[in-house]
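Participant: I'd like to go over a predicted model; first the sequence, then the structure.
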Amino acid sequence: MRDNFEQIFADLIAFPTISADSNLDLINYVANQLEGVGAAIELQQDITGNKANIFATIGEDMPGGIVLSGHADVVPVFDQTWARNPFLLSADKDKYYGRGTCDMKGFIAVVLSMAPLFSELKLKRPIHFAFTYDEEVGCLGGRELASLLQKRPHMPAAAIVGEPTQMKIVDGHKGCCEYTVHFEGLAGHGSMPDRGVNAAEYAAKFVSKLLELRELLKKRAPADSAFDPPWTTINLGRLAGGAVHNVIVSHAEVDWEMRPVSHFDADWVKSTLKEYCEIELLPAMRAVWPDANITTHTIGEVLGLEPMASNAARELVARLTGANDSHLVAFGTEAGLFQQLGVETIVCGPGSIEQAHKADEFIEIAQLEECQQLIEKLAYSMAEG
């Protein structure tokens, strides 16, 4: 590894960038690291001013650039039992431990430690660094970054999202859409259910519709789908409402998610549910109480990464690594946001997703070394002479 890698890695882990908290200290640290090697820096704050994305460029800003992308936030540790301090990088034989080592500060540390090399070389096209906030809670920062990229004079040609894939090339994954649906009814005495609007009952009917759609989606699976399972899935995460046996429930909530294989399925599910609520559930609720309501809050809609017959990012990394295959994964990433912009994108990074989000999260040193080798080859491939 490069001499400065371990210090950068330790510094990144020490920033407790849980999604609920600010990431500005880490982003400012990254900005200082990249400014120190001559990168042009663009910061993009969220509406609170407590979080930011960073987009940085080494080399002349022109078409054909390559993006190295990752998210700066990590999942919480408060409900986990760790054998070590999660925000203190520790090494044990062939592994580094700490929250975010695998997902995905290991990749960011490798990229930052290699930034001086990009700066030293005469690049034929620019290298971009994109690090975002709140990926873990719906790719919120990634969606804002996409809007920034649309306004820039030059769109990158390719992107490598460094999520943990054990350095395998991943060119496809499903999307992930998460929703909370609120049901507002009219409370009353349990002995007279017809005089109230039981929000829990209508939430249960909504869930029944979800489960019906889940079965129908199996029949919509594309014949050539390589995903496992090959169809769009729906999962009920939480159904909540009521407090005691003899009171009509006035409020209820349903948390659910969908992992679509295509945006056609996502659009069909959402439009079907909207029609069901507007034509069947709401009229029945409002016949008893006009102020009854159903509202849907979108937690996050993460685009999938669609496998493409031609993919410049896949072909570049395959050439640099000698890999002759690509893979699909079950987890979601920000890669689809780049693809939607016309940027040819893959997911490829160190570590295993099996270690992500767990207590005593770790990454193997060999994985980090393999990642460094890829980034070093990438740097020289982009240079003149």
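Facilitator: Perfect, thanks for sending it.
Participant: Which parts of the stretch 101-250 of the chain are helices?
Facilitator: 106-120, 140-151, 199-218 (DSSP state H, counting those that start in this stretch).
Participant: same question for the first one, mean pLDDT?
Facilitator: In this model, helix 106-120 carries a mean pLDDT of 97.
Participant: residue contacts, E135?
Facilitator: Counting by Cβ atoms under 8 Å, 6 or more residues apart in numbering, E135 touches 71, 73, 141-142, 333-334. Using the backbone N, CA and C atoms, a C-beta is placed for each residue, glycine as well.
Participant: element containing E315, please.
Facilitator: helix 312-321 (DSSP states H and E).
Participant: List the buried residues of that helix.
Facilitator: For helix 312-321, a neighbour-count test (16 or more other Cβ atoms under 10 Å) marks 312-314, 316-318, 320-321 as buried.
Participant: Please determine how far M62 is located from S113.
Facilitator: Separation of M62 from S113 (Cβ to Cβ, to the nearest Å): 25 Å.
Participant: which intervals of the stretch 151-300 of the chain have sub-threshold pLDDT?
Facilitator: For the stretch 151-300 of the chain, no stretch has pLDDT under 70.
Participant: I figured G38 hits T57, correct?
Facilitator: No. Using Cβ atoms under 8 Å, G38 is not in contact with T57, being 9.9 Å away.
Participant: So between the two, which is more surrounded?
Facilitator: Higher neighbour count among G38 and T57: T57, with 23 against 14, using other Cβ atoms under 10 Å.
Participant: and that one, what are its phi and psi?
Facilitator: phi -130, psi 130 (degrees, to the nearest 10).
Participant: Between M62 and S113, which has more neighbouring residues?
Facilitator: S113 (22 against 13).
Participant: And that one, how close does it get to A40?
Facilitator: If you go by Cβ to Cβ, the gap between S113 and A40 works out to 19 Å.
Participant: for G349, same thing?
Facilitator: Taken as Cβ to Cβ, the span from G349 to A40 is 24 Å.
Participant: And those two? Which one has more around it.
Facilitator: G349 (33 against 15).
Participant: ok, N4 touching S113?
Facilitator: Yes. Assessed by Cβ under 8 Å, N4 is found in contact with S113 at 5.3 Å.
Participant: Tell me the helices and strands packed up against the helix holding E315.
Facilitator: With contacts taken as 3 or more Cβ pairs under 8 Å, 6 or more residues apart in numbering; DSSP states H and E, helix 312-321 sits against strand 158-161, strand 344-347, helix 365-381.
Participant: Give me the distance between that helix and the centre of its chain.
Facilitator: 23 Å (Cα atoms, centre = their mean, to the nearest Å).
Participant: which other residues reach the helix or strand just after that helix?
Facilitator: Once the chain leaves helix 312-321, the next helix or strand it forms, by DSSP H and E, is strand 327-329. With Cβ under 8 Å, 6+ apart as the contact definition, strand 327-329 has outside contacts at 165, 168-173, 226-228, 307, 347, 353.
Participant: before we move on, back to that, quick one: the helix holding E315 to helix 365-381, angle?
Facilitator: Angle, helix 312-321 to helix 365-381, by axes from the mean of the first three to the mean of the last three Cα atoms, to 10 degrees: 110 degrees.
Participant: In a strand, D360, correct?
Facilitator: No. With DSSP: H, G, I helix; E, B strand; the rest coil as the criterion, D360 is coil rather than part of a strand.
Participant: Outline the domain layout of the chain.
Facilitator: Using automatic domain parsing, the domain parsing of the chain gives 5-172+305-381, 176-302.
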